[in-house]
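Asker: Starting from these lines, generate the structure:
(chains A, B, C, D, E and F)
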Amino acid sequence: KELGKFLESENARMRLQQSIHTFTDLCWDKCINKISNKIDRGEETCLTNCVERFLDTSLFIVKRLEETRKNLS
Amino acid sequence: KELGKFLESENARMRLQQSIHTFTDLCWDKCINKISNKIDRGEETCLTNCVERFLDTSLFIVKRLEETRKNLS
Amino acid sequence: KELGKFLESENARMRLQQSIHTFTDLCWDKCINKISNKIDRGEETCLTNCVERFLDTSLFIVKRLEETRKNLS
Amino acid sequence: QVRNELALANAQELINKINEKCFSKCITKPGNKLESSEQTCVAKCMDRYMEAWNIVSRAYISRVQRESNSQGESL
Amino acid sequence: QVRNELALANAQELINKINEKCFSKCITKPGNKLESSEQTCVAKCMDRYMEAWNIVSRAYISRVQRESNSQGESL
Amino acid sequence: QVRNELALANAQELINKINEKCFSKCITKPGNKLESSEQTCVAKCMDRYMEAWNIVSRAYISRVQRESNSQGESL
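Answerer: So this is what the prediction gives:
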């Protein structure tokens, strides 16, 4: 049972890390154009907003799907 | 045995749905440029043709590979 | 044990083939612009260099990561 | 239960694709919040994507049926 | 039998890649049927892709061999 | 040991992504060797990618924490 708990939390950690890889990939393409000596303020804000807005979009889509389903039934 | 049959048909259903996701992804990029209030006639025809032609291309490739193999042996 | 060895070598073969598919995909996009009757000299050199430079880049990245880790500890 | 998991996986995949396609189409410069114009765009884009999914499904299933009929004939 | 399955998986993956690359290069506006000009393009594209696959294979395998030789030397 | 494998898989995935992104940004025309200007570009690109990865991690984890807090409140 302890092992089960441990494996489950490792599983969650893995999914978290996978999401971070996916978001970095996506937001890198959206926010980083040229390679400079440091990520500048604008790029940093863009990266943070990119993650936040992507998650907002997810929530918005799921919410809207649920409403559609409620209206149908 | 009944379970085996059930699982196999579920497996086929899953592959079918996965293909539909793949084709929607591909043909969306090929046929939908701007987001309007409804998919218009031209876009609908493009989506249907995109699926049909993609499958034609698959069949064409497989057939041609088989002919090449026959000519070699 | 013999079976284990056999399966392991098949596994290595599979990873090798998967890498070849990945590199062909990547280097096709980088080196082949229009479809002609044969791959010309320039395209062939580009494909070979593409594989070589991609692997150089991998080695460079891994080496540099290891150095960073050494400097930190 | 297997069927439920399948339906869930299918819905999840559809949501992921909508998310990916509509985020890239509607949120070109991610700002401090999801603007109402962006929400409208996502809502429309989502409806269009599901329409497209239905059209593609119909086209694919009818093709699969035609192929299996003509294979039956040729036997 | 394992080897056969492997060869099959490999051929399947090659077909999938050819399909994806050559459809996107040759069928820019999908019409009512696969035009003969599109078929010619797919046939050519397919031959080029397999040529490219062979060139990449040779380059990769010879590199892997060079690396394992030089590792042997450095030991 | 599970944790080590996880960390390894994570590092491997990061290396793969850096490789893919920085090769496509820095080696536009692959030549006979990795030029020193290309090496400089890859080194910079790699540092930027890891910076981006850190920024994205912070943003994502802080969002997940905010969401789980506000869910607690609404119960």
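Asker: Mind checking if the helix or strand hosting A:Thr68 is in reach of chain B?
Answerer: Taking DSSP states H and E as the criterion, A:Thr68 maps to helix A:41-72. No - against chain B, helix A:41-72 shows no contacts by CB under 8 Å from any CB of the partner chain, the least distance being 14.1 Å. (C-beta placed from N, C-alpha, C; glycine too.)
Asker: roughly how far is that helix from the heart of the chain?
Answerer: How far helix A:41-72 lies from its chain's middle: 9 Å, per CA atoms, centre = their mean, to the nearest Å.
Asker: Could you do stretch A:62-73 as well?
Answerer: On CA atoms, centre = their mean, the centre of stretch A:62-73 falls 23 Å from the chain's centre.
Asker: hmm, stretch A:7-16 touching chain F?
Answerer: Yes - using CB under 8 Å from any CB, stretch A:7-16 comes into contact with chain F via A:7, A:10, A:13-14, A:16.
Asker: Helix, strand, or coil at the residue in chain A that chain C sits nearest to?
Answerer: Nearest to chain C in chain A, going by CB to the nearest CB, is A:Ile35, at a distance of 14.1 Å. Assigned by DSSP: H, G, I helix; E, B strand; the rest coil, the conformation of A:Ile35 is coil.
Asker: Show the pLDDT at it.
Answerer: Here the pLDDT value assigned to A:Ile35 is 91.
Asker: now A:Leu59
Answerer: pLDDT at A:Leu59 comes out at 95.
Asker: just to revisit the earlier point, just name the closest of the residues of stretch A:7-16 next to chain F to chain B, please.
Answerer: For those, the closest approach to chain B (CB to the nearest CB) belongs to A:Met14, at 22.7 Å.
Asker: Quick check: chain neighbours aside, which residue is closest to that closest one?
Answerer: Of all residues not flanking A:Met14 in the chain, F:Leu6 sits nearest, at 5.9 Å (CB to CB, 6 or more residues apart in numbering or on different chains).
Asker: From D:Ser37, how far out is the residue of chain A closest to chain C?
Answerer: Per CB to CB, to the nearest Å, A:Ile35 is found 32 Å from D:Ser37.
Asker: Compare these two (neighbour count), which wins?
Answerer: Using other CB atoms under 10 Å in any protein chain shown as the criterion, A:Ile35 and D:Ser37 rank with A:Ile35 on top: 20 against 9.
Asker: could you redo the residues of stretch A:7-16 next to chain F as JSON lines and give each row neighbour count and distance to E:Arg48?
Answerer: Formatted as JSON lines, these follow (neighbours: other CB atoms under 10 Å in any protein chain shown; distance: CB to CB, whole Å):
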{"residue": "A:Leu7", "neighbour count": "11", "distance to E:Arg48": "47"}
{"residue": "A:Glu10", "neighbour count": "14", "distance to E:Arg48": "45"}
{"residue": "A:Arg13", "neighbour count": "14", "distance to E:Arg48": "44"}
{"residue": "A:Met14", "neighbour count": "15", "distance to E:Arg48": "40"}
{"residue": "A:Leu16", "neighbour count": "13", "distance to E:Arg48": "42"}
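Asker: number of nearby residues for the one residue in chain A that gets nearest to chain E?
Answerer: Closest contact between chain A and chain E, by CB to the nearest CB, is at A:Asp29 (19.2 Å). For A:Asp29, the count of nearby residues is 12 (other CB under 10 Å).
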